[in-house]
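Student: the following comprises the amino acid sequence and a computationally predicted model.
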Amino acid sequence: MHRVFLMITALCLGTLSCAMAAEPINVGALLPMTGSVAAFGQMAWEGINTAKKIEPEALGRPIEIKLADTKSEKVDSANAVSRLIEKEKVVAIIGEMISGNTIAASDHAERSKIPMISPTATNPLVNQGKKYVFRVCFIDPEQGQVAARLALDQLHAKTAAIIYDISQDYCVGLKTFFQREFTKGGGKILAETMYKMGDRDFTAQLSRLKAAKPDIIYAPIYYTELALIAKQAREMGLDVTILAGDGAQAPELVQLGGKAVEGLYFTAHFHEDTINTPMGKKFYELFKKEIGKELDSYTAQSADAYFILVDAIKRAGSTDPVKIREAISSTKDFEGLTGKITIKPDGNAIKAMVVNKVQDGKFVYVTTIVP
Amino acid sequence: MDYSFALQQLVYGLTVGCLYGLLAIGYTMVYGVLRLINFAHGDLLMVSAYAGFFGIVIFQIPWPVSFAGAIILTALLGILIDRGAYKPIRKSPRINALITAIGVSFLLENLGLVIIGGRPKSFPMPDVFAGSILLGAVNIPALSIWILVITLVLLAVCLVVVRKTRIGMAMRALSRDMETVMLMGVDKDRVISFTFALGSALAAAGGIMWCMKYPAVEPFMGVIPGLKAFVAAVLGGIGNVTGAALGGLILGLAEVLIVAIEPDWSGYRDAVAFFLMIIILLTRPTGIMGEQLPD
């Protein structure tokens, strides 16, 4: 207890002396820049940097982003977060992008009392029982529920088969919630198979799914494996509609999957066609001018995490992590890039969900569903 | 599980098995001659995949030339790795070489990360390898046939080289007694370089086949296949070329059949595969075709 107190005092003193010299405010970016979900980290990095051009400072001091690569691994996430806190002395952290890594990293942030905002980690466990961990996205029970309703009501599926990654908290969570909601709505799960991240051959699992003859396949997994699974499924003549989660939304899905991912549906945080706030329009213009790519949800959510953090630092009037935490948790109707964002006391955001589809090699907006 | 379903799984299992086998042959050759477990073998697969990818997609070179170029480049890289990393410590204890091999593996992976980046790239598949043949209810992808044929041809080539040529004789002799062979006037370094070139070329061929089957090229793509090839080589009796191919086949078939027979076990696929290895090694410590090593 004494040590914690000392640490806080040290931090406060440290930040105070910084303030006098108008030194930069250090903010950590904990992102998977390499490894299996590197696309998410790189999209987030573009989002945070573009957002920083719009809001470059707070409290009269410039904001400096310290990047730490998690290599898409849980162990490296935990190491990277302690490096940010102990060595870079960050006052808050944006990250990680996927649930398993965020869970691995958040314990340390919680213990060190450094607020952490994840742009897109959707598993409920990410901030359960934690005071310092927030997110600006919906959570998996909601996502699974929306996916099940989409399958039942709009895709008119009565039966489904599931394939998921057993080593990812995100995939296991989403699968469980989809299954619960789908069977509650009168649907039947005919088959369920799994694999482990890094696997490349899914022919045996897919043969099982094919033999079950489902109306749809639910695949709540990340883009690389999803593209390969779609490809192998089409090759063996398994042509049913595939439904996925927000882990599908990376340009690599279409590059790797090609024709095989045409007609694939997925639940997502955002689509650039749904931008309607002033902040959103401003960001969109700058992003198109500077980066010139399609604006995806990982970029947008990360920018929103940055905007909310800067807003919280301003409202806190201090760079004391404890005060920043309080300011984040009282965020209400913040006009962000992806719409109005309110952070609930449990650290989760209230957000609508969009459904996208792959059509002619592009992600096309289908509908918005409020869970 | 009906008849055609079982046959279908056999086709899938054979395809995966051949890929493992192809990689395991290269692994086992290097081990056979140098008693060195070349952990960078899997990463050579990655290098050849990138070389093939850049050849076709960026430089627009026709695919046969690209693939041949990728194989030659990887073979040269194999020689370079041996000269740069393994040769200076040839006289050190074996464990040093082993750790150096792990270092080379990390070096290649991270060089890939720094130079090319971590986002997966899509490997293009030439039309020759696309399509499939329907045999009754069993769907045989053309690529599976190619993989089978290429593996068998390369296995035959290796066997002929090792058993019938002068350099093969030198390789076999070197694996028995390095000092005596040198006394006989054999250029040891030339033989070792040749072994590395051949082993790396096999990894390269395997890498290209692997990428056409699973078209996601990324810096860490060689880690899992490399590990599986190592298991296959040990399973078959490390140092034995035919054994390596056989080990690969067994491993591939086991992996696919386990999931096909009992889908609930699909998450434990690797566990079951490694369990199989433990069982075989407990009953036959030298592997299926391995011989007792001379002390």
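Tutor: Received the coordinates, thanks. Residues are numbered from 1 along each chain as shown, chains lettered A, B, ... in the order given.

Student: how about the most centrally placed residue in chain A, secondary structure?
Tutor: Nearest to the mean C-alpha position of chain A, counting by CA atoms, centre = their mean, stands A:Thr120 at 1.4 Å. Of the three states, A:Thr120 takes coil under DSSP: H, G, I helix; E, B strand; the rest coil.

Student: also B:Ile288?
Tutor: Reduced to three states by three-state DSSP, B:Ile288 is coil.

Student: what is the burial count for it?
Tutor: Close neighbours of B:Ile288, defined as other CB atoms under 10 Å in any protein chain shown, add up to 19. For the C-beta atoms, the positions are set from N, CA and C on the backbone; glycine is no exception.

Student: check B:Ser193 too.
Tutor: Number of residues near B:Ser193 (other CB under 10 Å) recorded here: 18.

Student: skipping adjacent residues, who's closest to A:Cys150 in space?
Tutor: That one is not Cys; residue A:150 is Leu. The shortest distance from A:Leu150 to any non-neighbouring residue, by CB to CB, 6 or more residues apart in numbering or on different chains, is to A:Val355 (5.9 Å).

Student: isn't the one you found up against A:Phe270?
Tutor: No - assessed by CB atoms under 8 Å, A:Val355 is found out of contact with A:Phe270, at 11.5 Å.

Student: still on that earlier bit, right, and the residue nearest to the centre of chain A touches A:Gly95 too?
Tutor: No - with contacts counted by CB under 8 Å, A:Thr120 stays clear of A:Gly95, the gap being 9.7 Å.

Student: touching the one helix or strand B:Gly168 maps to from outside, list them.
Tutor: Assigned by DSSP states H and E, B:Gly168 belongs to helix B:166-176. Outside helix B:166-176, the residues that touch it by CB atoms under 8 Å, 6 or more residues apart in numbering or on different chains are B:29, B:32-35, B:160-162, B:180-181, B:184, B:186, B:188, B:191-192, B:194-195, B:239, B:294.

Student: now the next helix or strand after that helix: buried residues?
Tutor: The helix or strand immediately downstream of helix B:166-176 is helix B:178-183, counting by DSSP H and E. Neighbour-count burial for helix B:178-183 flags B:Met178, B:Val181 (criterion: 16 or more other CB atoms under 10 Å in any protein chain shown).

Student: from the chain's centroid, how far away is helix B:178-183?
Tutor: Distance of helix B:178-183 from the chain centroid (CA atoms, centre = their mean, to the nearest Å) equals 29 Å.

Student: pLDDT (mean, whole number) over it?
Tutor: What helix B:178-183 shows for mean pLDDT is 86.

Student: now for that helix, which elements pack on it?
Tutor: Where contact means 3 or more CB pairs under 8 Å, 6 or more residues apart in numbering or on different chains; DSSP states H and E, helix B:178-183 is packed against helix B:166-176, helix B:188-213.

Student: what's the most buried one of the ones you listed?
Tutor: Burial of the helices and strands packed on helix B:178-183 is given as mean neighbour count (mean count of other CB atoms under 10 Å in any protein chain shown); helix B:188-213 ranks first at a mean of 25.

Student: contact residues of the stretch 201-350 of chain A facing chain B?
Tutor: For the stretch 201-350 of chain A, the contact set with chain B under CB under 8 Å from any CB of the partner chain comprises A:201, A:203-205, A:207-208, A:211, A:224, A:227-228, A:231, A:235-237, A:252, A:255-256, A:258.

Student: make it 7 Å
Tutor: Residues of the stretch 201-350 of chain A lying close to chain B by CB under 7 Å from any CB of the partner chain are A:201, A:203-205, A:207-208, A:211, A:224, A:228, A:235-237, A:252, A:255-256.

Student: let me know the secondary structure of the residue in the stretch 101-250 of chain B that chain A sits nearest to.
Tutor: Distances between the stretch 101-250 of chain B and chain A by CB to the nearest CB are smallest at B:Gly118, namely 3.4 Å. Judged by three-state DSSP, the three-state class of B:Gly118 is coil.

Student: contact partners for it?
Tutor: Residues in contact with B:Gly118 (CB atoms under 7 Å, 6 or more residues apart in numbering or on different chains) are A:Met33, A:Thr34, A:Gly35, A:Ala38, B:Glu218, B:Pro219.

Student: go with 10 Å
Tutor: A:32-39, A:41-42, A:69, A:71-72, B:112, B:218-220 (CB atoms under 10 Å, 6 or more residues apart in numbering or on different chains).
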